[in-house]
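J.: what's the 3D shape of this:
(chains A, B, C and D)
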2 protein chains.
Amino acid sequence: MRRTVDFKRKQKVIVVDDKYEHASGVRELVNLENDYEVIANAGNANVAISLIKKYQPDIVLMDINMPEMDGVNAIAEIQKLGVKTRIIVLTAYDDADLIYRAMKVGACGYVLKTMVSAQLIKALDEVSMGKIYLPNVLCSKFFEYFQEFEKNGNVNKEDDGEENLLHYLTNREEEVLSLLLEGATYKDVARELFISETTVKTHVNNIFQKLQVKEKTQAVLYAINKGFKPKAKKIAV
Amino acid sequence: MRRTVDFKRKQKVIVVDDKYEHASGVRELVNLENDYEVIANAGNANVAISLIKKYQPDIVLMDINMPEMDGVNAIAEIQKLGVKTRIIVLTAYDDADLIYRAMKVGACGYVLKTMVSAQLIKALDEVSMGKIYLPNVLCSKFFEYFQEFEKNGNVNKEDDGEENLLHYLTNREEEVLSLLLEGATYKDVARELFISETTVKTHVNNIFQKLQVKEKTQAVLYAINKGFKPKAKKIAV
DNA sequence: TTTCATCTAAATCTTTAGGTTTAGATAAAA
DNA sequence: TTTTATCTAAACCTAAAGATTTAGATGAAA
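T.: Numbering: from 1, shown residues only, chains lettered A, B, ... in the order given. Below is the predicted model:
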């Protein structure tokens, strides 16, 4: 197992855990390694953030207690600090949702407390070298969740079961609608498309018929709901 | 390395690659293993899909050529078939975007052609056991991309740098706005909130002032852009 | 108590929006 | 060649939206 043996300073580590004994245990474990040095403990997210701002550690070992779940927010906050600190989650929970959210907001590693201490050191090694450390089991969990999430969350609005009435619109009608989606009045549309306002009204009326709505705002809302994307956009200067 | 030794049938594999020699090579390689059997080759996505529908293989080894990038669409299509077939991507490209998109649409494994053949078999083993196979290097690439994507793509609309004028709205104004967001006319709002239409107009005008817009549709669009969420919704029966 | 924000609503007005009908021009399709 | 679809636009109308001013009621804050 290659370690960062080059004559560099020790990697500065901060341990965040609301249970002091836990933090101490981790501290001792990490301090046994030559390459790492725990420079501080933090009992909660706020303290952790100020310590990180102050010391700019290389790595944060962060305990996340599932029930509260604000550990994830803490990670997100730390990311926003703009420091190069990398975060490894150290938790008792292998919950797929937790893994997903932690990784999403920028965690670089995820280690279970039930795992042997060697894994923690491995995580430190990998992460300090700029890699992501996610044990296979957890990686699988992550992807299960991720793929499920993408399937349901990013529902393709263009076919949500119901018929997409937008398909019936002609090109011109789509052009008109896309301008309405920018908040244009009929007069604006007329000016933009070089047609008379009457013509605009005709188009708009046809749009209403096809979308089965009775108003401009409703048409706009329908379009947004169905994920309307104008094909070619006329640039207004 | 534990393999699925239990007295089960061989895992049925289909190889998808537009280069026949490639497919043949993979076929021979896989057929050397006792646990797997390549039952068909496909030269393109369409053929692959009909073969999958017909044979319902356990695993598909799919080549993806970066330039075209419709391999990802093919994976998505296969997912929609509702078969339990699992897909392993086999490609020459370790592009982060490609990895991300392939995994997103449901790939279960990702192997580079430059990797040794043992890795391919490892991938087959892992995936056939229901796990995800993503070598560490690729895993890191994925997460780099994923985290970057979540940072930029899922911008929190509530603070996108610009001031959120929605904050200035009073409760009543928010109620009115939320009804407008459902496509309500002023009359509708008046009926819904048990106030006169004149009052509605007053509120709406105040909303316009605060949101710095001049029209209902624009107000609605502003609200949607800023991720407006009505606090308490009055239920209309 | 006075000020201030909020919600209410009237009166009066102009401007858009929307409905309906009719119809000319064009180009593609049958 | 005759439909058919599409885009155009007029005339004429009603309804809705929006601007502006004024003002009463309430309740919280100073």
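J.: where's residue A:14, which helix or strand?
T.: strand A:11-16 (DSSP states H and E).
J.: Does that strand pack against any helices or strands, and if so which?
T.: Judged by 3 or more CB pairs under 8 Å, 6 or more residues apart in numbering or on different chains; DSSP states H and E, the packing partners of strand A:11-16 are helix A:20-31, strand A:36-42, helix A:45-55, strand A:59-63, helix A:117-128. Where you see a C-beta, it was placed from the backbone N, CA and C, and this is true even at glycine.
J.: switch to 7 Å and redo it
T.: Packing partners of strand A:11-16 (3 or more CB pairs under 7 Å, 6 or more residues apart in numbering or on different chains; DSSP states H and E): helix A:20-31, strand A:36-42, helix A:45-55, strand A:59-63.
J.: Using PDB, write out every CA atom in the second one.
T.: As requested, the backbone C-alpha atoms of strand A:36-42 are provided in PDB (Å, rounded to 0.1, in the frame of the first residue of the first chain):
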ATOM      1  CA  TYR A  36      -1.600  12.300   9.600                       C
ATOM      2  CA  GLU A  37      -2.000  14.500  12.600                       C
ATOM      3  CA  VAL A  38      -5.300  15.400  14.300                       C
ATOM      4  CA  ILE A  39      -5.000  19.100  15.100                       C
ATOM      5  CA  ALA A  40      -8.400  19.600  16.600                       C
ATOM      6  CA  ASN A  41     -11.700  18.000  17.600                       C
ATOM      7  CA  ALA A  42     -15.100  19.600  17.200                       C
END
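J.: Also compute the angle for the longest helix anywhere in chain A relative to helix B:117-128, please.
T.: Counting residues, the longest helix found in chain A (DSSP state H) is helix A:136-153. Between helix A:136-153 and helix B:117-128, the angle comes out at 60 degrees (axes from the mean of the first three to the mean of the last three CA atoms, to 10 degrees).
J.: pLDDT (mean, whole number) over whatever helix or strand comes next after helix A:136-153?
T.: Toward the C-terminus, helix A:136-153 is succeeded by helix A:171-180 as the next helix or strand (DSSP H and E). The average pLDDT within helix A:171-180 is 86.
J.: Helix A:171-180 and DNA strand C in contact?
T.: No - using CB under 7 Å from any atom of the strand, helix A:171-180 stays clear of DNA strand C, with a minimum separation of 8.1 Å.
J.: List the buried residues for that helix?
T.: Using 16 or more other CB atoms under 10 Å in any protein chain shown as the test for burial, helix A:171-180 gives A:173, A:174, A:175, A:176, A:177, A:178, A:179, A:180.
J.: same for that helix, what does it pack against?
T.: helix A:186-193, helix A:197-211, helix A:216-225.
J.: now those as JSON lines including distance to DNA strand C?
T.: Formatted as JSON lines, the helices and strands packed on helix A:171-180 follow (distance: least, CB to the nearest atom of the strand, whole Å):
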{"stretch": "helix A:186-193", "distance to DNA strand C": "3"}
{"stretch": "helix A:197-211", "distance to DNA strand C": "4"}
{"stretch": "helix A:216-225", "distance to DNA strand C": "3"}
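J.: okay if I get these as CSV plus distance to chain B, mean neighbour count and mean pLDDT?
T.: Converted to CSV, these look like this (distance: least, CB to the nearest CB, whole Å; neighbours: other CB atoms under 10 Å in any protein chain shown; pLDDT from 0 to 100):
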stretch, distance to chain B, mean neighbour count, mean pLDDT
helix A:186-193, 10, 17, 86
helix A:197-211, 11, 17, 86
helix A:216-225, 4, 20, 86
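J.: Up against DNA strand D, what does chain A have?
T.: Contact residues (CB under 7 Å from any atom of the strand) of chain A with DNA strand D: A:170-173, A:193, A:195-196, A:198-199, A:201-203, A:215.
J.: on that earlier part again, quick one: closest of the helices and strands packed on strand A:11-16 to chain B.
T.: For the helices and strands packed on strand A:11-16, the distance to chain B is smallest for strand A:59-63, at 15.6 Å, taking CB to the nearest CB.
J.: hmm, who's touching the next helix-or-strand element following the closest one?
T.: Using DSSP H and E, the next helix or strand after strand A:59-63 towards the C-terminus is helix A:70-80. Applying CB atoms under 7 Å, 6 or more residues apart in numbering or on different chains, the contact partners of helix A:70-80 are A:45, A:48-49, A:52, A:60, A:62, A:64-65, A:85, A:87, A:101-102, A:105-107.
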